[in-house]
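In: Let's see this in three dimensions:
(one chain, ligands or ions: 1)
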Amino acid sequence: GGTDGPPPVADDLILVSNRQPYTHSYEHDDAGERTISVNRPAGGLTAGLDPVMQETDGTWVAWGDGEADADVTDENGEVRMPPESEAYTLKRLWLSEEEVEGYYYGYSNRVLWPLCHGGTMKTEYVERFWQRYQQVNERFAEAVAESASDDPLVWFQDYHFTLAPRAVRDALDDPFIMHFWHITWPGWDTFRACPQGQQLLEGLLGNDLLGFHVERYCENFLDCVDRALEDAFIDEEGGRINYEGHTTTVRAFPLGIDAESIREESAAADASFEADIRSTYDIGADTTMIVGVDRLDYTKGIVERLEALERLWETEPEYQGTVTYVQKASESRSLIPDYQDLQQNVRETIERINDRFGTPDWQPVVYIDEFIPQSELCGLYRYSDVMLVSAVRDGMNLVAKEYVAAQVDDDGVLVLSDQAGAHEELGEHALTINPYDTESFADTIQQALAMAPDERRDRMAALREQVAAHDLYAWMDDVFATARDLREQRDHDGG
Ligand code: G6P
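Out: This is a model prediction of the structure:
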């Protein structure tokens, strides 16, 4: 594994995700001319998979949600991407407002997202959400069937498509279907609350290979199948489930990042870059910077983090005027009331803290909600002395890994929640926190700030090695090698 570059993957791969890797939107220049620009959405998933797709000549099927998307595609909704290399086909599905409301804002993000993150009290079982979710899964399955070659390899991403794998299996002649689940899989005691639980499991068992980030999620999944589907035969050791004559292999593949490209971008952000950020956000040259980078989601523990910082400034006044926390946030799923509440809560908490401790020369919390390009983000990581990742529940958390990869001087400290999947790999050398334990969270931030340079370097060097060795390409190698073995075995066994 490591940095030896992308391995060969199937040329005719069909990848399916809800979020597309690129959106097109209109822009008006100074002369009033309308042009079309390309943007990348927030979130680890599409950023991670784009380099994978660029190694293929395959098709990426996704929801076309940009205002100018239709203008650049052919009559099938297809366009070659990315703009620089046109390596693969992006096939956009246009969803109606009702479909978006029911499938995306509804069942995906008001049922499955909270359910999988353990929030049974936040789930909203509305009949039309479920109806539309089923319809849209059918539509994606049809789009896959249309793009499929003779011996197709299909790869679904995430919780938006629990039902489509089974539909594709029914539509095609012996396809190889795999699925990567990017969030947690809950324990049975949580999952059993879901009225559609059986259909969800049956849909996912249409896959040949089902991947999760960590072992515990695999165990939870096997347990849920065991308890919900009477006729399922489970081989726990081998991670195999046989259901209605079809076998699904369940395995952990901890997702990594493109560590080398982050390292390069970070290395390119020189001292003048640091001076720029400090002057842009009015942060003094000697002020220590702590950073947090999140999609604005209630799973990320942002308010819990702000409360720990508030406690630190309250109990250790020497950090007033000397330490600034920079919160980079990207707005997300804003039509959902729980997300609106979170946004308001974050804003109010920041205002309260800034009112309470701020002085004319120093602002405790700097909030950045505008888009910043990857190169600047890498610079922000590099020049921040401490990163706080305080998710209350998170499948993996790639931001933690990005921060590590950007520490080209090996001098940053990662403070990491034990509720994030990334803690399984990084917990040994990061400083561990429980996001709900405000007092000890504050103590841990202090420990990070006070850490001796030697210890900082030792810890960060170990983290960087881990993140580089288990990068995105090592992950791809692992996933595709497993798929190849299973496919060969299938062909050998005669289907
Ligand atoms: C998480 C999910 C992804 C999703 C991303 C951004 O990482 O696992 O599937 O794309 O959040 O959320 P959004 O709803 O904007 O796609």
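In: make it CA atoms for all contacts and neighbour counts henceforth
Out: Fine.
In: May I have whichever strand or helix holds residue 201 exported as PDB, CA atoms only?
Out: Secondary-structure assignment from DSSP states H and E places residue 201 in helix 197-204. As requested, the backbone C-alpha atoms of helix 197-204 are provided in PDB (Å, rounded to 0.1, in the frame of the first residue of the first chain):
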ATOM      1  CA  GLY A 197     -35.700  -2.900   8.600                       C
ATOM      2  CA  GLN A 198     -36.300  -6.100   6.800                       C
ATOM      3  CA  GLN A 199     -36.500  -4.500   3.300                       C
ATOM      4  CA  LEU A 200     -33.300  -2.600   3.900                       C
ATOM      5  CA  LEU A 201     -31.400  -5.700   4.900                       C
ATOM      6  CA  GLU A 202     -32.800  -7.700   1.900                       C
ATOM      7  CA  GLY A 203     -31.900  -4.900  -0.400                       C
ATOM      8  CA  LEU A 204     -28.300  -4.800   0.800                       C
END
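In: same for that helix, what does it pack against?
Out: Judged by 3 or more CA pairs under 8 Å, 6 or more residues apart in numbering; DSSP states H and E, helix 197-204 is in contact with helix 164-171, helix 215-228.
In: Give me the pLDDT for the residue of the stretch 351-495 of the chain found nearest the ligand.
Out: Residue nearest to the ligand within the stretch 351-495 of the chain: residue 395 (7.9 Å; CA to the nearest ligand atom). Note on residue 395: pLDDT of 98.
In: okay, now it: neighbour count?
Out: Using other CA atoms under 10 Å as the criterion, residue 395 is surrounded by 24 other residues.
In: One more: the one 3 residues further on?
Out: Counted with other CA under 10 Å, the burial measure for residue 398 works out to 20 neighbours.
In: And residue 397, by the same measure?
Out: Residue 397: 27 neighbours (other CA under 10 Å).
In: close enough to count as contact, it and residue 419?
Out: No: applying CA atoms under 8 Å, one finds residue 397 not in contact with residue 419, separated by 10.0 Å.
In: avg pLDDT for the helix holding residue 201?
Out: Throughout helix 197-204, pLDDT has a mean value of 98.
In: for stretch 52-60, same thing?
Out: Rounded mean pLDDT across stretch 52-60 is 91.
In: for stretch 271-280, same thing?
Out: For stretch 271-280, mean pLDDT is 93.
In: Can you give the contact residues for it?
Out: With CA atoms under 8 Å, 6 or more residues apart in numbering as the test, stretch 271-280 has contacts from 283, 284, 285, 379, 380, 383.
In: May I have that stretch as CSV, with CA atoms only?
Out: Only the C-alpha atoms of stretch 271-280 are listed here, as CSV (Å, rounded to 0.1, in the frame of the first residue of the first chain):
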residue,chain,number,x,y,z
ALA,A,271,5.2,31.3,5.4
SER,A,272,3.6,34.1,3.3
PHE,A,273,0.4,31.9,3.2
GLU,A,274,0.4,31.8,7.0
ALA,A,275,0.8,35.6,7.1
ASP,A,276,-2.2,35.8,4.7
ILE,A,277,-4.5,33.8,6.8
ARG,A,278,-3.6,35.7,9.9
SER,A,279,-4.2,39.0,8.3
THR,A,280,-7.4,37.9,6.6
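In: quick check, distance from it to the centre of its chain.
Out: Centroid displacement of stretch 271-280 relative to its chain, using CA atoms, centre = their mean, to the nearest Å, is 28 Å.
In: Likewise for stretch 91-107?
Out: For stretch 91-107, the distance to the chain centre is 20 Å (CA atoms, centre = their mean).
In: so does it get close to the ligand?
Out: No: Stretch 91-107 stays out of contact with the ligand when judged by CA under 6 Å from any ligand atom, the minimum separation being 7.7 Å.
In: first vs last residue of that stretch, how far apart are they?
Out: Stretch 91-107 has its terminal residues 23 Å apart, counting by CA to CA, to the nearest Å.
In: just stretch 71-82 next, same as before
Out: Termini of stretch 71-82 sit 16 Å apart (CA to CA).
In: Please identify the buried residues of that stretch?
Out: Judged by neighbour count using 16 or more other CA atoms under 10 Å, the buried positions of stretch 71-82 are 77, 78, 79, 80, 81, 82.
In: what's the answer for stretch 439-447, then?
Out: Residues of stretch 439-447 classed as buried by neighbour count (16+ other CA under 10 Å): 439, 441, 442, 443, 444, 445, 446.
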